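Enquirer: Make a model of this:
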Amino acid sequence: MDIVSALILSSAIKNLYPKSKIDSRLLKKATIYRSECVSAIVYSNLPYETLKKRIETIGGTIKYELPIINGWAVNIPCNKLSSVASNRGIKFIAEDSTVKMQLNIATQEIKSKEVNEQGYTGKGVTIAFLDTGIYPHADFTKPKNRIIAFHDIVNGKKNPYDDNGHGTHVAGDAAGSGYMSSGKYKGVAPEANIVSVKVLDSRGSGSTSDILTGMQWILDNKDKYKIRIVSLSIGETPSLPPFLDPLVKGVDKLWRKGIVVVVAAGNSGPALNSITSPGNSMNVITVGAVDDKRTVDVSDDEIANFSGRGSAFLLKPDIVAPGVKIVSTASGNVPLSTDDNILLNKPYRTASGTSMATPIVAGAAALLIEKNPSLTNNQIKNILKSTSTNIDHYRYYSQGYGMINVEMALKKV
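Expert: Down below sits the predicted model:
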């Protein structure tokens, strides 16, 4: 059978067996909820009016378009999923699943302190954070307000806020100035500009469609705010192959548009194949977490037990960074949702997770871009990997290329 014939046969089979075009999680829900509506993401090449009519005819609704993945966020009755999937214009129906956040020695160990002393601080480089929002902490607003944009997908508020604390912490890991601690607790790129897109609620959860909407907003405003880096400390257990996974499709689109996308490996380790989505995208920089033992010596480092692992078939994470008991900016009196949360004093808190390691790498990318703005995202990824330090006694699927070394990376630029 030639390739053309095989493709025609494959298409015919999909139309004969529409369940092959439906996320297994939705099929499972359909056996339980039957006539109740479920939130889904439809990949379709149908014109909007045609799709809208067909969805509404079966008692569903279209919530909004997701152009970043050529899809639509919809509500569909469970017992009508097969009917929708049988249409030739429908490519796949994925669950609109709930995604969660992934829950100063760190800057010294990765050698960013030395780089800051050379004059590289991320100045003029913009990092966007898709998270729970951002509290207008003095470490972001003084002596200059570096929160240059805030967009709230969840509640539609205009002014920066964070009703969870996670987003404020990760922003500080990357770009806190240390203003409230006289420079003691500053991030890797303390003069970088910050764009905060709130896609997670007060519990640290958000729908896939809201996160994709946030990604689309970043694409639409990339040039306006000169966004070069996106930090994503979120994830979910993969249940679809990457080419069908909405979050992977979203980050891949950002990457193709030239943005450096840094994603958490997830906190489901130490089992193999525990990398969360969208960290399983082969394009993005996937970051695992290291327990640095509160020393600057890499020789005593250990990969955090919770840090997501790849396998022989999934060469992830790409690199690792400090992610245990990281001190960073606090959001007023909102408790950070991690088990080891410790309130140090009002301006700062400690937290652990690949959530914390991820923005540290995002900050490192900002320093490289500051030195050479013409660097591409692929070049930055390769530089960070090739200059990382291998951690003894750990396989590739636990640490990737090892602990990032910003000082060595900058020398290679």
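
Enquirer: what's near enough to touch the residue most central in space within the chain?
Expert: The geometric centre of the chain, computed from its C-alpha atoms, lies nearest to Leu232 (Cα atoms, centre = their mean), at 2.2 Å. Neighbour list for Leu232: 130, 251, 261-264, 278, 358 [criterion: Cβ atoms under 8 Å, 6 or more residues apart in numbering]. C-beta: built from backbone N, CA, C; applies to glycine.

Enquirer: What segments of the stretch 151-300 of the chain are helices?
Expert: For the stretch 151-300 of the chain, applying DSSP state H, counting those that start in this stretch gives helices covering 166-175, 208-225, 246-256.

Enquirer: so which of those is the most packed in?
Expert: Per-stretch averages of neighbours, counted by mean count of other Cβ atoms under 10 Å, single out helix 166-175 among the helices of the stretch 151-300 of the chain, with a mean of 33.

Enquirer: And that helix, how far out from the chain middle?
Expert: Here the centre of helix 166-175 is set off from its chain's centre by 13 Å, with Cα atoms, centre = their mean, to the nearest Å.

Enquirer: got it, and stretch 269-289?
Expert: With Cα atoms, centre = their mean, you get 11 Å for stretch 269-289.

Enquirer: So, low pLDDT: which residues of this protein?
Expert: Confidence mapping of the chain against pLDDT under 70 gives the ranges 1-18, 103-109, 294-297, 333-346.

Enquirer: domains for it, by residue range?
Expert: 3-96, 100-412 (automatic domain parsing).

Enquirer: Tell me which stretches of the stretch 101-250 of the chain form strands.
Expert: Along the stretch 101-250 of the chain, the segments classed as strands by DSSP state E, counting those that start in this stretch run 126-131, 147-152, 193-198, 205-207, 227-232, 234-235.

Enquirer: thought Ser352 was touching Gly323?
Expert: Yes - using Cβ atoms under 8 Å, Ser352 is in contact with Gly323, at 6.2 Å.

Enquirer: which residues are in contact with both of the two?
Expert: 289, 304.

Enquirer: Settle it for me: which of the two has more neighbours?
Expert: Taking other Cβ atoms under 10 Å, Ser352 and Gly323 do not tie; Gly323 has more neighbours (32 against 22).

Enquirer: thought the more buried one was touching Met356?
Expert: Yes - contact criterion Cβ under 8 Å: Gly323 and Met356 qualify, at 4.7 Å.

Enquirer: circling back to that earlier point, ranking the domains of the chain by burial, who's on top?
Expert: domain 100-412 (a mean of 22).

Enquirer: And it, end to end?
Expert: 36 Å (Cα to Cα, to the nearest Å).

Enquirer: returning to what we had before: is it possible to export the strands of the stretch 101-250 of the chain to a markdown table including distance to Ala271?
Expert: Formatted as a markdown table, those follow (distance: least, Cβ to Cβ, whole Å):
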| stretch | distance to Ala271 |
| --- | --- |
| strand 126-131 | 26 |
| strand 147-152 | 36 |
| strand 193-198 | 31 |
| strand 205-207 | 23 |
| strand 227-232 | 22 |
| strand 234-235 | 15 |
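
Enquirer: Between the two ends of stretch 253-264, how far is it?
Expert: Distance across stretch 253-264, first residue to last, is 17 Å (Cα to Cα).

Enquirer: do stretch 150-163 as well
Expert: Span of stretch 150-163 from end to end, Cα to Cα: 14 Å.

Enquirer: Now do the shared contacts for Gly323 and Met356.
Expert: Shared contacts of Gly323 and Met356 (Cβ under 8 Å, 6+ apart): Ala289.

Enquirer: Bridged to the residue nearest to the centre of the chain, which residues?
Expert: Beta bridges link Leu232 to Leu130, Val263, judged by DSSP bridges.

Enquirer: So that it lines up with my notes, have the first residue be 8 from now on.
Expert: Sounds good: first residue 8 from here, last item Leu239.

Enquirer: roughly how far apart are it and Val177?
Expert: From Leu239 over to Val177 the distance is 10 Å, taken as Cβ to Cβ, to the nearest Å.

Enquirer: cool, Gly67 as well?
Expert: From Gly67 across to Val177, the span is 36 Å (Cβ to Cβ).

Enquirer: same check, this time on Pro248
Expert: Pro248 is 28 Å from Val177, by Cβ to Cβ.

Enquirer: Over to Thr383?
Expert: 24 Å.
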